[in-house]
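Asks: sequence first, predicted coordinates after that:
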Amino acid sequence: MTNALSFNRRSTLSLLAGGAVAGLAGLPAEARSEDWAALGEDVKSEFQWAWRHYVERAWGRDEINPVSGTSRSFFIEGHDLGLSLVEALDTLWIMELDEEFQAGVDWVKANLDFDVDGYAQVFETNIRLVGGLLSAHLACGDPALLDKARDLADRLMKAFDASPHGLPYRYVNLKTGAVRDPETNLAEIGTYATEFGVLGQLTGDDRYYAAAKRAMKHALDMRSDLGLMAANLHAETGLFTSRNASIDVYADSFYEYLWDSWELFGDADMKRWAGECLGAMVAHQGKRYDGRLWFPMVDYETGAVTGTSQTVLGGYLAGLLGQAGMKAEGDDFLASYSAMQERYTIIPESIEVTTATPRGKRTGLRPEFADACLNLWQHDRDERYRALTAVHYRNMKATSKATYGYTSLADITTRPMTQGDNCPGYWWSEQMKYYFLMFAAPKRVDLSRLVLSTEANVLRGFVRD
Ligand code: IFL
């Protein structure tokens, strides 16, 4: 039965308690006696095992297909850029897998060349490769890694420069600087500030952060009276191309980077914008269906619901709300995903929120639930977040472990679940790092200072030996 309930920010807290407590209450008995250090060691040994298969079967390739033992390109077909390797570097370093880390750094220095005559997706290239190189540089201090990050960012900057509004095109030719695909979205124009800001700090060049912030401000200046933005816009006209406000894919990391820019750089504009945007989301997008809090798409000017799906990726918002001082709302939203985890073992890629049922069968080995748990756990170290994350980890092991690594799933409705044949690059950077940070208390990270990018690259918080 559908029971949508719109609420404003002030009425939220009184509505929240039920959902939040119901979802997180009752620490499972296993969690009370959990040997967290042993679980952390288990995560490390799974990571090392998967890494060995990547080295043997897909070294330097973008992604391993862990069922068949083959590999695939991610950015440019036929021209791999060592995606999984770069994504893995800071995780290897945190896990003190130093030989593996150094072998990866040596490969980057000897082989990674961005002078490629091919189109790369600007957003993905930034969060995965620029971010991966920067965090590896921050880990070990090797200046060659910073040089590579800067070279790549300079190529991506062409996508910003080509737009009259400073809104990056979706694709840029890494060699020629030619651009294509002006029809873009908030995530793809607004997920640069943390990587570009850190790059600016390390190189003394503030052009990068200025470009990132200008693109975000362009969209923020077009907010409606409700304080919402539509998720889609055009790099040439500078105008929105849809009416749908979304917290989800196509928008998600835009909001993360507002908050992260405040945390990393103390940028007060970004903090104000984060508070305003999150407040508008809670007031105008938060709806209840059968008592559960979801954030479906709404018309950005009227607030009318325009779509009732939510993806597993939307889970990041639970953590972000907690980071930005709306912990009760964050807990409440996390409880909706926890209920899905409990019911379906693996949270469906897309959820019909009116019935809390899956809208498809495949899933992409997604990290966002663990991401949210980490962000909320960092706030108050409540053991319930670790318990939920331990379930997430064990369910992944039970369903997604294949012969040569961990894989996406083709069908979560069969028993056993049907495996796909791909390990996305983010697996090496995201969930395995989240699990390890929460379970193992690694000595190379100061959790109180930790800031992760949307791809979980460490941008602050390393403790160098
Ligand atoms: O690349 C990942 C990153 O977290 C992101 N979007 C989706 C991916 C993981 O699901 O910003």
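Replies: Now that the structure is in, tell me what you want to look at. Numbering: from 1, shown residues only.

Asks: tally up the residues packed near the residue nearest to Ser163 when sequence neighbours are not counted, please.
Replies: The shortest distance from Ser163 to any non-neighbouring residue, by C-beta to C-beta, 6 or more residues apart in numbering, is to Ala235 (4.4 Å). Glycine gets a C-beta too; all of them are placed from N, C-alpha and C. Neighbour count of Ala235, defined by other C-beta atoms under 10 Å: 25.

Asks: and the stretch 251-400 of the chain, which residues reach the ligand?
Replies: Applying C-beta under 6 Å from any ligand atom, we find that the stretch 251-400 of the chain lies next to the ligand at Ser253, Leu313, Arg366, Pro367, Glu368.

Asks: give me that answer again for 8 Å
Replies: Proximity of the stretch 251-400 of the chain to the ligand, by C-beta under 8 Å from any ligand atom, involves residues Asp252, Ser253, Glu256, Val312, Leu313, Tyr316, Gly364, Arg366, Pro367, Glu368, Asp371.

Asks: quick check: the residue of the stretch 151-300 of the chain nearest the ligand.
Replies: Nearest to the ligand, among the residues of the stretch 151-300 of the chain, is Ser253, at 4.5 Å (C-beta to the nearest ligand atom).

Asks: dump stretch 251-258 to CSV, keeping only the CA atoms.
Replies: C-alpha atoms of stretch 251-258 as CSV (Å, rounded to 0.1, in the frame of the first residue of the first chain):
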residue,chain,number,x,y,z
ALA,A,251,23.2,14.4,-9.4
ASP,A,252,24.5,12.5,-6.4
SER,A,253,28.2,13.5,-6.1
PHE,A,254,27.4,17.2,-6.9
TYR,A,255,26.0,17.3,-3.4
GLU,A,256,28.8,15.3,-1.8
TYR,A,257,31.3,17.7,-3.3
LEU,A,258,29.7,20.8,-1.8
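
Asks: run through who's touching it.
Replies: Stretch 251-258 has contacts (C-beta atoms under 8 Å, 6 or more residues apart in numbering) with 127, 185-187, 189-194, 212, 216, 219, 229, 231, 245, 247, 270-271, 273-274, 277-278, 281, 313-314, 316-317, 320, 454.

Asks: before we move on, what about stretch 145-165?
Replies: Contacts for stretch 145-165 (C-beta under 8 Å, 6+ apart): 105, 108-109, 112, 114, 122, 125-126, 129-130, 133-134, 136-137, 166-172, 174, 177, 179, 182, 192, 195-196, 199, 202-203, 207-208, 211, 214-215, 218, 235-236, 238.

Asks: now do the helices in the stretch 251-400 of the chain.
Replies: Ranges of helices within the stretch 251-400 of the chain are 252-265, 268-284, 316-323, 327-344, 368-380, 383-400, based on DSSP state H, counting those that start in this stretch.

Asks: most neighbours per residue, which of those helices?
Replies: helix 316-323 (a mean of 26; mean count of other C-beta atoms under 10 Å).

Asks: returning to that earlier point: could the helices of the stretch 251-400 of the chain go into a markdown table alongside distance to Leu459?
Replies: Output for the helices of the stretch 251-400 of the chain, formatted as a markdown table (distance: least, C-beta to C-beta, whole Å):
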| stretch | distance to Leu459 |
| --- | --- |
| helix 252-265 | 6 |
| helix 268-284 | 14 |
| helix 316-323 | 14 |
| helix 327-344 | 21 |
| helix 368-380 | 14 |
| helix 383-400 | 22 |
